[in-house]
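> Any chance you can model this:
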Amino acid sequence: MTATSGLVRLGRRRLGWRQADLGVRIGCSASTVSRLEASRHPADIRLLTAAATAVGLPPILLAAACGITTGADPRPTRVAPHAPPTEEDPMHRRTLLTAAGTAVPASLLLAIDDALAVTPTGTGTVPVDHRLAQARKMWDTGRHTALLAELPGLLGDAHRAARSRTPLDHARLSACYLLATQVLGKIGRYERARLTADRATTYAAVAESPIATAAAARELSIVLRHQDQPAAAHRLPATAPADRLFRISPAGADLYAVGVHWALGDAGAALEAGRHLRPDQFPTPERTSRMHTDLARAWWQYGKPEQTARELLAALRVSPSEVRDRPSIRTIVSSLSSRHLHTPGVRELALALTR
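Below you'll find the predicted structure:
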């Protein structure tokens with residue numbers, strides 16, 4: 001593949017999109033996107049530019065990858081007059097790059113990286129059950145930044161408690177990693193989410209807990225799907241116990257159907273599945289706002305910017321982080337701002353992303 005098509009592919013994967021998702025945004029089929037990414041020769045420049053813009057590739061980087069010079073001063077910019085030469089840690093550099101364009105501070109992601117590399121020392125001052133319950137409440141209310149700040153300490157305390165080697169403490173440790181997987185997946189950090197999901201699975205197996213094992217398998221399958229590994233994701237649920245382990249309601253099933261049809265590219269079926277959904281059918285702000293964002297994605301796929309903006313505004317009012325922290329939703333807002341700025345609600349959405 002060319003350097004440019006490779007950058008498009010990297011950008012798409014960073015956002016957690018399938019080739020079909022990118023195709024919808026730039027007006028072509030998944031097979032066309034596949035050919036674009038695999039091409040060993042320069043592609044249609046208009047299509048390439050559209051794809052690069054959709055995945056957030058800066059114009060100057062696109063120009064450089066295409067071999068286009070800009071006449072800019074090639075000398076490096078000095079950002080501090082007496083700064084000593086440094087050799088930046090590649091992991092930290094990647095973290096800072098992937099944090100750009102989201103509402104999540106890079107410092108929190110760096111702290112998560114450190115916690116996953118070296119287990120933090122537990123404080124032991126607050127029972128793990130209490131800390132986990134508080135962290136779960138942060139998740140339910142969409143406080144992603146607060147939860148990310150809490151995770152290193154929570155994992156440290158859970159590891160400290162697991163020194164008892166009792167099944168219950170190992171199950172709690174699995175639950176902590178499970179929560180980490182959920183929030184990292186929510187903000188589009190799938191590589192980290194894969195690591196935490198693997199650990200949740202491992203500690204659930206050590207605990208010999210069917211419930212923890214099934215929960216870990218479910219979250220891991222979600223991460224694998226976002227990493228373009230559908231076959232592996234499909235196999236995982238079959239390993240879970242046959243008992244009903246998750247609370248489900250008719251509304252929850254309908255919302256799941258919305259997501260399935262949207263992922264398959266059938267926006268009409270997604271909207272039909274969700275036409276009876278109401279906010280009062282969901283127990284937490286996280287689930288309620290997820291209903292609105294899933295419907296917004298279906299409306300966007302259907303080509304209805306006004307309805308898309310309406311659902312995203314509803315999600316913003318229930319849980320602002322559901323709109324601000326998710327790369328895929330931020331991309332829709334950016335597209336609305338550039339193409340449909342005068343549509344009711346779009347200016348408010350765009351302003352919300354800058355706060």
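
> Listing request: residues of the stretch 1-150 of the chain with sub-threshold pLDDT.
Residues of the stretch 1-150 of the chain meeting the criterion pLDDT under 70: 1-5, 39-45, 57-103.

> Quick check: can you list the domain ranges of the protein?
Following the assignment in automatic domain parsing, the chain carries domains at 3-65, 104-239, 250-354.

> For those domains, give me TSV that also has mean neighbour count.
(Each C-beta comes from the backbone N, C-alpha and C, glycine too.) Putting the domains of the chain into TSV (neighbours: other C-beta atoms under 10 Å) gives the following:
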stretch	mean neighbour count
domain 3-65	18
domain 104-239	19
domain 250-354	18
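
> and the longest helix for this structure?
Of all segments of type helix in the chain, defined using DSSP state H, the longest is helix 167-186.

> That one - what's its average pLDDT?
Taken as a whole, helix 167-186 has a mean pLDDT of 92.

> what packs against it?
Contacting helix 167-186 under the criterion 3 or more C-beta pairs under 8 Å, 6 or more residues apart in numbering; DSSP states H and E are the following elements: helix 128-140, helix 144-161, helix 190-207, helix 210-226.

> Quick one, which of those gets closest to F282.
Checking the helices and strands packed on helix 167-186 against F282 by C-beta to C-beta gives helix 128-140 as the closest, at 10.5 Å.

> How far off centre is the closest one?
20 Å (C-alpha atoms, centre = their mean, to the nearest Å).

> and it, what does it pack onto?
For helix 128-140, the helices and strands in contact under the criterion 3+ C-beta pairs under 8 Å, 6+ apart are helix 144-161, helix 167-186, helix 285-302.

> report the angle between the axes of the strand or helix carrying A115 and helix 167-186?
When secondary structure is defined using DSSP states H and E, the element that contains A115 is helix 106-117. Helix 106-117 runs at 140 degrees relative to helix 167-186, counting by axes from the mean of the first three to the mean of the last three C-alpha atoms, to 10 degrees.

> what about A193, distance to L224?
10 Å (C-beta to C-beta, to the nearest Å).

> what do you get for A175?
20 Å.

> What of L155?
Here the distance between L155 and L224 works out to 22 Å (C-beta to C-beta).

> ditto for M291
In this structure, M291 and L224 are separated by 24 Å, where distance is defined by C-beta to C-beta.

> A158 too?
24 Å.

> can you check S321 too?
Applying C-beta to C-beta, the value for S321 to L224 is 24 Å.

> What of L151?
Noted for L151: a distance of 22 Å to L224, by C-beta to C-beta.

> For the most centrally placed residue in the chain, which three-state class applies?
Centroid-nearest residue in the chain: G188, 2.0 Å away (criterion: C-alpha atoms, centre = their mean). G188 carries the three-state label coil when classified by DSSP: H, G, I helix; E, B strand; the rest coil.

> is it true that it touches T331?
No. Using C-beta atoms under 8 Å, G188 makes no contact with T331, being 10.0 Å away.

> In TSV: the helices and strands packed on helix 167-186, plus distance to P305.
Conversion of the helices and strands packed on helix 167-186 to TSV gives the following (distance: least, C-beta to C-beta, whole Å):
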stretch	distance to P305
helix 128-140	30
helix 144-161	26
helix 190-207	28
helix 210-226	25
